[in-house]
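# Sequence first, predicted coordinates after that:
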Amino acid sequence: MFLASRFVVVDDKPEHIKGIKDSLDALRYDCHTRLYEEETVGGWSVLPGIRMLFIDKNLRAGVTMGGGPQNAFAAIVEVIEKLISPESGPYGLVLWAEQPDYEAFKTFLYERLATDKPDLLPVFCEQLRKGDYINTTTGAVLDPPKLQADIIAKMSSSLQMKALFSWEADVVAAMDAVLKSIVGLVAPNKRGSEEFGLELGKVLYRLSQAGSGVDRAQESPRESINQVLVPILADRITEHDPDGSQGDSWREALVVPTEKPAPVSVQSAVNSAIHLSYGRTGDGSTLKASDLGAVVEFPFNEVEKALEEQFGITKAIIMGENFFGMTDADWEASSLRLIQIGATCDHAQPKDGPIQFLLALEWAFPNTEGTRAAGSSLHAKKSPKSQEWSSPVIGVGDDRKPGRLSAFLSCTISVPRPAVGGWTVKYRLREELVSKLTQEYARHISRPGIVELR
């Protein structure tokens, strides 16, 4: 429920922990410390949200690099495996040691984790030599301002991560502003009183009504309140730049690629990150087939029969030159999908009655360049026909190969909302892309025409 500490210090000597902790405290960075004891480390659990890990090299007394697999670095890997959550995102590591053996440590770490556990690798490593900053016997800091300045310098050594960490700080500041504005909706004379909770509950109820409809506030309050708060949060993030220099950090972080245009694999990865939401699947899924933009597995067992009966189209038509010009191999490598479309307001405040889906085909490029290959006309440069809408290059299939999602604008189906409850959702198109698709569909079905004699 509350934000976890972003900074963690691990050492086997409490007096050596103190110098780093005191410096982080002085910098107003909340810090969590762990005293390493070989007998108890097995019981440690993951600490979510770590951004910086300060760790001693010689955690096991008397163990050095020459000790085989149970060497000094192996203890650090054990700590990383215990404390770092792959779901928490990137973190940096600062080796805090009397003799860091920095280059050897980085080599060891990469060899141990890169293949099987790449998500546990730090995105950058730095070193601080203990003897330069503390009395290694007492732990007293020799020059506190210097240690603080060098900690900041080490944590900012990666210009790219410095920019991303500053963005994370902007998000936290924006969250503070949003929470303040919500609590500010409670009358001042109710603040600090026993009635405050009740009054805030009423405010939250009204926010849920605004996001879902007057009579639907209690159906899914978390989702409907997010509909209201997320746009406000986005504005606050953009507005937060207390010293007016955030743009400089981002400019310093950019590296101009040499490839022009971007390789198809890069296009796929970036576009998928921008436009697709995979959410959670299975129990506790955050994606439902009734969600606007939901892309679901084709729910009918007899594919060719369903195509003809539900959509008035055949496999042969889809494979033909008027649409995809597909080979049998192309068809086997592709997947039929349904895309939930409709007005944004209907999704925010759902009405009774059926919901609408477009028939779509998810197809991968025959080769990594996304160009025509092996006689197939299924390729990246294919121009969409008047009845077809295609997504940008995205990752498709379970292995997320570069490809596209193409919707047939004339093939729709309406399904009662309860009937889609068991349908499997692959991902969801985010608002910008599904709005573009909906506009294309609306334009297609409203093409003007007249009857005239010539």
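Right, received. Where do you want to start?

# By mean pLDDT, point me to the weakest helix or strand of the protein.
Least confident helix or strand of the chain, by mean pLDDT, DSSP states H and E, is helix 344-348 with a mean of 55.

# mind listing the helices for the chain?
Ranges of helices within the chain are 14-26, 72-83, 102-113, 144-155, 159-183, 196-212, 221-239, 246-253, 264-275, 303-306, 315-319, 328-332, 344-348, 431-445, based on DSSP state H.

# which parts of the longest strand out of those in the chain are buried?
Taking DSSP state E as the criterion, the chain has its longest strand at strand 401-416. Buried residues in strand 401-416, counted by 16 or more other C-beta atoms under 10 Å: 401-413, 415. C-betas here are computed from N, CA, C, even on glycine.

# coming back round to it: what's the least confident stretch among the helices of the chain?
Per-segment mean pLDDT for these reaches its minimum on helix 344-348, at a mean of 55.

# before we move on, back to that, out of the helices of the chain, which comes closest to residue 423?
Among these, helix 303-306 comes nearest to residue 423, with 13.5 Å by C-beta to C-beta.

# quick one: the residue nearest the centre of the chain and residue 237, what's the gap?
In the chain, the residue lying closest to the centroid (C-alpha atoms, centre = their mean) is residue 273, at 7.3 Å. Separation of residue 273 from residue 237 (C-beta to C-beta, to the nearest Å): 17 Å.

# How is this structure partitioned into domains?
The chain resolves into domains spanning 7-157, 163-253, 264-445 when parsed by automatic domain parsing.

# Turn the ones you listed into TSV, columns for distance to residue 453.
Formatted as TSV, those follow (distance: least, C-beta to C-beta, whole Å):
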stretch	distance to residue 453
domain 7-157	67
domain 163-253	50
domain 264-445	25
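
# if we can go back for a sec, what is the most widely separated pair among the buried residues of strand 401-416?
402 and 415 (30.6 Å).

# isn't residue 123 right next to residue 158, touching?
Yes - assessed by C-beta atoms under 8 Å, residue 123 is found in contact with residue 158 at 6.9 Å.

# what touches both of the two?
Shared contacts of residue 123 and residue 158 (C-beta atoms under 8 Å, 6 or more residues apart in numbering): residue 92.

# Between the two, which has more neighbouring residues?
Neighbours were counted for residue 123 and for residue 158 using other C-beta atoms under 10 Å; residue 158 has more, 18 against 14.

# thinking that one is in contact with residue 92, fair?
Yes - using C-beta under 8 Å, residue 158 is in contact with residue 92, at 7.0 Å.

# list residues touching both of the two?
123, 124.

# Distance check, residue 439 against residue 433.
11 Å.

# When those two are compared, which one has more neighbours?
residue 433 (19 against 11).

# Just give me the neighbour total for the nearest residue to the more buried one once chain neighbours are set aside.
In space, and not counting its chain neighbours, residue 433 is closest to residue 275: 4.5 Å by C-beta to C-beta, 6 or more residues apart in numbering. Burial of residue 275 is recorded as 21 neighbouring residues (other C-beta under 10 Å).

# Check residue 56 too.
Neighbour count of residue 56, defined by other C-beta under 10 Å: 24.

# so who does it touch?
10, 11, 12, 13, 16, 36, 96, 97.

# got CSV for those residues, with distance to residue 29 and neighbour count too?
Formatted as CSV, those follow (distance: C-beta to C-beta, whole Å; neighbours: other C-beta atoms under 10 Å):
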residue, distance to residue 29, neighbour count
10, 16, 25
11, 17, 26
12, 22, 17
13, 21, 17
16, 18, 19
36, 21, 22
96, 15, 27
97, 21, 23
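
# So for residue 451, which of the domains of the chain sits nearest?
Closest among the domains of the chain, once you apply C-beta to C-beta, is domain 264-445, at 18.4 Å.

# what's the residue nearest to residue 359 when sequence neighbours are not counted in contact with, if anything?
The shortest distance from residue 359 to any non-neighbouring residue, by C-beta to C-beta, 6+ apart, is to residue 411 (3.8 Å). If you count contacts by C-beta under 8 Å, 6+ apart, residue 411 has them with 311, 312, 313, 358, 359.

# and those, which are buried?
Applying 16+ other C-beta under 10 Å to the contacts of residue 411, the neighbour count classes 311, 313, 358, 359 as buried.

# and the residue nearest to residue 185 when sequence neighbours are not counted, how many residues sit next to it?
Spatial nearest neighbour of residue 185, chain neighbours left out: residue 203 (4.7 Å); criterion: C-beta to C-beta, 6+ apart. For residue 203, the neighbour count with other C-beta under 10 Å is 14.

# my read: residue 203 touches residue 182, true?
Yes - between residue 203 and residue 182 a contact is recorded at 6.6 Å, counting by C-beta under 8 Å.

# Between helix 264-275 and the longest strand of the chain, find me the angle.
Angle, strand 401-416 to helix 264-275, by axes from the mean of the first three to the mean of the last three C-alpha atoms, to 10 degrees: 30 degrees.

# Strand 401-416 pairs with which strands, and in what direction?
strand 354-364 (antiparallel), strand 388-390 (antiparallel), strand 394-396 (antiparallel) (DSSP bridges).

# hang on, the earlier thing: from residue 101, how far out is the residue nearest to the centre of the chain?
Note on residue 273: its distance to residue 101, by C-beta to C-beta, is 37 Å.

# ok, now residue 21?
From residue 21 to residue 101 the distance is 24 Å (C-beta to C-beta).

# and what of residue 452?
According to C-beta to C-beta, residue 452 stands 86 Å off from residue 101.

# Settle it for me: which of those two has more neighbours?
Using other C-beta under 10 Å, the more surrounded residue of residue 452 and residue 101 is residue 101, with 18 against 5.

# ok, the more buried one to residue 95 distance?
In terms of C-beta to C-beta, residue 101 sits 8 Å off from residue 95.

# Quick check: neighbours shared by these two?
residue 57.

# what about the stretch 351-454 of the chain, any weak spots by pLDDT?
351-352, 368-387 (pLDDT under 70).

# which residues touch residue 31?
Neighbouring residues of residue 31 by C-beta under 8 Å, 6+ apart: 5, 7, 8, 9, 20, 21, 24, 25.

# Tell me the predicted confidence for the fourth one.
Residue 9 carries a pLDDT score of 95 in this model.

# what about it, neighbour count?
25.

# got a list of what it touches?
Per C-beta under 8 Å, 6+ apart, neighbours of residue 9: 17, 20, 21, 24, 31, 32, 33, 34, 54, 55, 96.
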